[in-house]
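Novice: Here is my input, please return the structure:
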Amino acid sequence: MKSIVVLFDEKNKYEDEKVFAGKSAKELCLLSAASFGFEVRTVSGCTTISSLLEELDKNCRESGADSLIFGWADSLFINKSLALGLLSTHVDYKAEYTFAEGYPEGFAPEVLDKGTISILLELSKTTAAELGSQKITRHSIFDMIKTDINSFEVETVLAPVDWRLFRFAFDCRKKENFIACQRLFEEFEKALSSQEAFANADPVKLSEAAAKNPKILKTIPSFYNLQLAQKCQGKCSYCP
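Specialist: Residues are numbered from 1 along each chain as shown. Predicted structure coming up:
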């Protein structure tokens, strides 16, 4: 069964910053993806979920692939063992869509059967056209699956510990995530000095380290609360 890796390049402002031992997040992601042992392709310029599915379908057909490993080009910690584990589960259980749950976001790709991509593309233009016209997010593929989830054979690879409560996002789409990536990389920089070691890093050890590091747990505020109010009508001698 032939597989390919397709990475979506959002072309954000942080992915090309060479702060990871002289390499950028995008460079490390591409190198790690290449270690999976399959052809790696990058797509960009898509603005809607439907247009992304069109690109994935096109790449599957052009390469003659039976399954597609999908990830994001700014996710430098995309993991070889997780990716191959997902693909193995996908093949063994004849799944149509396979994903990892419980790991920090950015560690694991998604695996789709070529037929699933074609079906999702059709859904994005017909019964789920409203969703298909929306902007691409990190959860777009699964969101589209959920529109008719009982029609698909879905498999899940569970993390040994559920790290979702930490709300990790190890990608470079925004500043707080970019800083978290820097700090996690710095903690393991010596151990991950070679590309082979980086691609084969243990996702469990990385997750455990991130969960114990306050500098990764808290980077910068992700939002500020602003409250608009009318001018106070009181005449206080002191107003706190």
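Novice: going forward, measure contacts and count neighbours with C-alpha atoms only.
Specialist: Noted.
Novice: in this protein, which spans are helices?
Specialist: Taking DSSP state H to define them, one finds helices in the chain at 25-34, 49-63, 80-92, 114-125, 129-132, 140-146, 175-187, 195-199, 203-212, 214-217.
Novice: So which elements touch the last one?
Specialist: When you say that, I think you mean helix 214-217. When contacts are defined as 3 or more C-alpha pairs under 8 Å, 6 or more residues apart in numbering; DSSP states H and E, helix 214-217 packs onto helix 175-187, helix 203-212.
Novice: helices and strands around the last one, which ones?
Specialist: Contacting helix 203-212 under the criterion 3+ C-alpha pairs under 8 Å, 6+ apart are the following elements: helix 175-187, helix 214-217.
Novice: Skip the chain neighbours and tell me the closest residue to Ile145.
Specialist: What sits nearest to Ile145 in space, not counting adjacent residues and going by C-alpha to C-alpha, 6 or more residues apart in numbering, is Leu120, at 7.1 Å.
Novice: which residues sit in contact with the one you found?
Specialist: Residues in contact with Leu120 (C-alpha atoms under 8 Å, 6 or more residues apart in numbering) are 53, 144-145.
Novice: And for His177, the neighbour number?
Specialist: Heads up, residue 177 is Asn, not His. When neighbours are counted by other C-alpha atoms under 10 Å, Asn177 registers 20.
Novice: doesn't Leu184 make contact with it?
Specialist: No: using C-alpha atoms under 8 Å, Asn177 makes no contact with Leu184, being 10.6 Å away.
Novice: measure the spatially most central residue of the chain to Asn213 for me?
Specialist: Nearest residue to the geometric centre of the chain (C-alpha atoms, centre = their mean): Gly106, 4.2 Å. Distance, Gly106 to Asn213, using C-alpha to C-alpha, to the nearest Å: 18 Å.
Novice: hmm, who's touching stretch 82-94?
Specialist: 36, 69, 95-100, 107-111, 153, 155, 157, 203.
Novice: try it again with 6 Å
Specialist: Identification of contacts with stretch 82-94 by C-alpha atoms under 6 Å, 6 or more residues apart in numbering yields 98, 108.
Novice: for that stretch, which positions count as buried?
Specialist: 82-84, 86-87, 89-91 (16 or more other C-alpha atoms under 10 Å).
Novice: avg pLDDT for it?
Specialist: The average pLDDT within stretch 82-94 is 97.
Novice: Restricting to C-alpha, output that stretch in PDB.
Specialist: Taking C-alpha atoms only, stretch 82-94 is exported to PDB below (Å, rounded to 0.1, in the frame of the first residue of the first chain):
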ATOM      1  CA  LEU A  82       3.600   8.500  16.100                       C
ATOM      2  CA  ALA A  83       3.100   8.900  12.300                       C
ATOM      3  CA  LEU A  84       4.200   5.300  11.500                       C
ATOM      4  CA  GLY A  85       2.100   4.000  14.500                       C
ATOM      5  CA  LEU A  86      -0.900   5.800  13.100                       C
ATOM      6  CA  LEU A  87      -0.300   4.400   9.600                       C
ATOM      7  CA  SER A  88       0.200   0.900  11.000                       C
ATOM      8  CA  THR A  89      -3.100   1.100  12.800                       C
ATOM      9  CA  HIS A  90      -4.800   2.600   9.800                       C
ATOM     10  CA  VAL A  91      -3.600  -0.300   7.600                       C
ATOM     11  CA  ASP A  92      -4.200  -3.100  10.100                       C
ATOM     12  CA  TYR A  93      -7.800  -2.100  10.900                       C
ATOM     13  CA  LYS A  94      -8.600  -1.000   7.300                       C
END
